[in-house]
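Visitor: here are the coordinates; sequence isn't available:
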């Protein structure tokens, strides 16, 4: 089985209610989380999770569900179309957890997609975002990659006192514009195990390269790059 073997179509609407569809090949190792009707779907899952959870872990379970509800609700407001969790086995045997978020944003009137990406680089610099920015040409056009390590506040666990502190998170964001520059597809990979983040650069390049705003002719055969990361992204996931 190839690393990328499922073709996914997702839809969003611009301010004029015009539907836009794009396709991408998601890595098979990710477990999708709900990004629509979040509260309803988590409420449906709660009884099952509560039954499976040991009594002494119940407070942590409900705290985790509350955190998921808040996070997924915020993602829904940002027009997120996909959010997935995965656990990968790195070459040294360490299990690396990660999240993958896919969203689609309406950018307005048609423009040169390179100018759209250039504006995003300028906006990031003006905002003090100290990320490594790389503009590259993929098979379907230009794409922008932002690579950074961010310091984020840790969530407070049940019974925990004092400041939970902060944690560093590795992020690699790929932005692929529509050929007319009217929309951008944003793909964001994150892992708290920052020293392993660069192992996923190739995965994100392949993912960004799979984005298409027109129906692809079909899935391509597995190439050498995909075979090289099969163990990391496919059979090695837990």
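Guide: Yes, it's here. If you're wondering where the values come from, they're calculated on a predicted model, not measured in any experiment.
Visitor: before we move on, what SS does residue 125 have?
Guide: With DSSP: H, G, I helix; E, B strand; the rest coil as the basis, residue 125 sits in helix.
Visitor: with residue 168 instead?
Guide: Applying three-state DSSP: residue 168 is strand.
Visitor: could you pull out the helices for the protein?
Guide: Counting by DSSP state H, the chain has helices at residues 38-52, 58-77, 113-126, 201-210, 224-228, 230-233.
Visitor: just checking, what packs against the fourth one?
Guide: So the one you mean is helix 201-210. If you count contacts as 3 or more Cβ pairs under 8 Å, 6 or more residues apart in numbering; DSSP states H and E, helix 201-210 packs onto strand 19-25, strand 132-138, strand 141-153, strand 166-177, strand 183-191, helix 224-228. Yep, even glycine has a C-beta here, placed from its N, CA and C like the rest.
Visitor: need these in CSV (columns: mean neighbour count, distance to residue 78 and mean pLDDT).
Guide: Supplementary listing: the helices and strands packed on helix 201-210 in CSV, determined by neighbours: other Cβ atoms under 10 Å; distance: least, Cβ to Cβ, whole Å; pLDDT from 0 to 100:
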stretch, mean neighbour count, distance to residue 78, mean pLDDT
strand 19-25, 17, 16, 81
strand 132-138, 13, 21, 92
strand 141-153, 16, 16, 89
strand 166-177, 20, 13, 92
strand 183-191, 21, 9, 94
helix 224-228, 12, 30, 42
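Visitor: tell me which helix or strand in the chain has the weakest average pLDDT.
Guide: Ranking every helix and strand in the chain by mean pLDDT, DSSP states H and E puts helix 230-233 at the bottom, with a mean of 38.
Visitor: quick one on the thing from earlier: same list (the helices and strands packed on helix 201-210) but as TSV, adding distance to residue 55.
Guide: Output for those, formatted as TSV (distance: least, Cβ to Cβ, whole Å):
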stretch	distance to residue 55
strand 19-25	42
strand 132-138	47
strand 141-153	29
strand 166-177	29
strand 183-191	32
helix 224-228	44
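Visitor: can you check which of the ones you listed gets nearest to residue 35?
Guide: Evaluated with Cβ to Cβ, these place strand 183-191 nearest to residue 35, the distance being 13.1 Å.
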